[in-house]
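S.K.: the sequence and its predicted three-dimensional model are supplied below.
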Amino acid sequence: MNTHHRTIAHVRAYTVSGGGADYHDQGADHWIDDHIATPMSGYPGYADSRQSFGLNVLGTLMVEIEADDGTVGFAVSTGGELGAWIVEKHLVRFLEGARVSDIERIWDQMYRSTLFYGRRGIVLNTISALDLALYDLLGRLRQEPVYALLGGPVRDELTMYATGARPDVAKQLGFLGGKMPLHHGPADAEEGMEKNIALLAEMRERVGADFWLMYDCWMSLDVDYATRLAHRAHEYGLRWLEEALIPDDYWGYQQLRRNAPPGMLITTGEHEATRWGFRQLLEMGAADIIQPDVGWCGGITELLKISALADAHGAMVVPHGSSVYSYHFVLTRTNSPFSEFLMMHPSAEEIVPMFSPMLLGEPVPEDGRIRVPDTPGFGVEFNPEIPRERPFPH
Ligand SMILES: C[C@H](O)[C@H](O)CC(=O)C(=O)O
Ligand SMILES: [Mg+2]
């Protein structure tokens, strides 16, 4: 039978805990939870660890979509039990019985039917996971990698920058640049500002003049602090200042971009969703690079629209993390010239696949570059040794 006529027989949603798509659910000594500046840093008791205010409460959502010939596509995102509930109690009705290739209609029905409680956050994470699983399934049915379904590659390999505590190690590993978490925000006053600058100065000293250095502020600053940080950091060649403000403050981002020193890029968007959220950022001229997470912004179906909008506004799209789900997309877009690799090694000194140990077959950078294999779908398998639960079977 032509794959065009294959229908969806079953949808199943599972929870998986410990790392994986909820990459903040890591042990105590991991760099990713080491006194990082956040929007909660001003509250005593919540400044030292993001887990202290519940960043890891959701856990991983894994969805499987099975076609009527038994072929199974799957994907993971952040969403855990709440996401599984949304899939099995609500969204499954738009998938089971539908044609696998009716991806646009399925997306639109999932989005419109959840508007009364959705629009972004966990509902969009869940829609994203289902959309990614559909692309994975379609690729497996057609025996093509997802990048081929998206129009084919515009480059042979991906050039990667690394996010982690050790940009100096990232340089030795061949990455294009290193993005560090910011450790101090307004709550740590001028002393914190000096520490932020001192760390940047130390890393500049270690990596030399040409290597890109960036700061990820994870929504922790205000316009005044971010502007002062940008100007102080300019002296040390900071390439971009990321997610300085809370995602709802479009006006603040617009102001910050105007305030930024020449040549320093303002980036944001990992906590933004849908074409409408990104339209707001783009029309307001609020960012040089937008950073949608394909597992959170609405999946590949929505990222295609977000990317086209960004292209028309002259903005680059450098998706946030998400491993293979981003790689297949980035490979096909001229306005996504490089990609992020999140260093999941506890001290960011070695390369560990981003969704390890949950996914098998994840490509990793070699000398700072990734060749995306042409295995069907997203080219990864769920590790059968990782326990998972199906909390709401329908
Ligand atoms: C390092 C950041 O605080 C965050 O954990 C990851 C992120 O925002 C990014 O990779 O970008
Ligand atoms: Mg970030």
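M.R.: Nice, thanks for sending it over. Numbers count the residues shown, from 1 in each chain. Ligands and ions are numbered 1, 2, ... in the order given.
S.K.: gap between stretch 112-128 and the chain center?
M.R.: Offset of stretch 112-128 from its chain centre (C-alpha atoms, centre = their mean, to the nearest Å): 17 Å.
S.K.: what's it in contact with?
M.R.: 58, 61, 77-79, 82-83, 86-87, 90-91, 94, 107, 110-111, 272-274, 277, 294-299, 302 (C-beta atoms under 8 Å, 6 or more residues apart in numbering). Where you see a C-beta, it was placed from the backbone N, CA and C, and this is true even at glycine.
S.K.: how long is it end to end?
M.R.: Length of stretch 112-128, first residue to last, C-alpha to C-alpha, to the nearest Å: 14 Å.
S.K.: for S77, grab phi and psi.
M.R.: phi -150, psi -170 (degrees, to the nearest 10).
S.K.: going along the chain, name the strands of this structure.
M.R.: Secondary structure of the chain (DSSP state E): strands at 8-16, 60-67, 72-78, 158-163, 177-181, 212-216, 238-242, 265-268, 289-290, 316-317, 339-342, 359-360, 369-370, 381-382.
S.K.: just send those strands back as JSON lines, with mean neighbour count too.
M.R.: Below are the strands of the chain laid out as JSON lines (neighbours: other C-beta atoms under 10 Å):
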{"stretch": "strand 8-16", "mean neighbour count": "21"}
{"stretch": "strand 60-67", "mean neighbour count": "26"}
{"stretch": "strand 72-78", "mean neighbour count": "25"}
{"stretch": "strand 158-163", "mean neighbour count": "23"}
{"stretch": "strand 177-181", "mean neighbour count": "24"}
{"stretch": "strand 212-216", "mean neighbour count": "22"}
{"stretch": "strand 238-242", "mean neighbour count": "25"}
{"stretch": "strand 265-268", "mean neighbour count": "24"}
{"stretch": "strand 289-290", "mean neighbour count": "24"}
{"stretch": "strand 316-317", "mean neighbour count": "22"}
{"stretch": "strand 339-342", "mean neighbour count": "22"}
{"stretch": "strand 359-360", "mean neighbour count": "19"}
{"stretch": "strand 369-370", "mean neighbour count": "18"}
{"stretch": "strand 381-382", "mean neighbour count": "16"}
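S.K.: check contacts around the closest residue to T159 other than its chain neighbours.
M.R.: Leaving aside its sequence neighbours, T159 sits nearest to F338 (C-beta to C-beta, 6 or more residues apart in numbering; 4.5 Å). Counting by C-beta under 8 Å, 6+ apart, F338 makes contact with 158-161, 176, 318, 330.
S.K.: from these, which two are the most distant?
M.R.: L176 and V330 (13.1 Å; C-beta to C-beta).
S.K.: tell me which of these two has more neighbours.
M.R.: Shown here are L176 and V330; by other C-beta atoms under 10 Å, V330 has more neighbours (29 against 20).
S.K.: I'd assumed V72 was in contact with V11.
M.R.: No: using C-beta atoms under 8 Å as the test, V11 is too far from V72 to be in contact (10.5 Å).
S.K.: mutual contacts of these two, please.
M.R.: Common contacts of V11 and V72 (C-beta under 8 Å, 6+ apart): 64-66.
S.K.: shaky segments in the stretch 101-250 of the chain?
M.R.: By pLDDT under 70, the stretch 101-250 of the chain has no low-scoring segment.
S.K.: isn't K195 up against L182?
M.R.: No: in this structure, K195 is not within contact of L182 by C-beta under 8 Å, at 9.9 Å.
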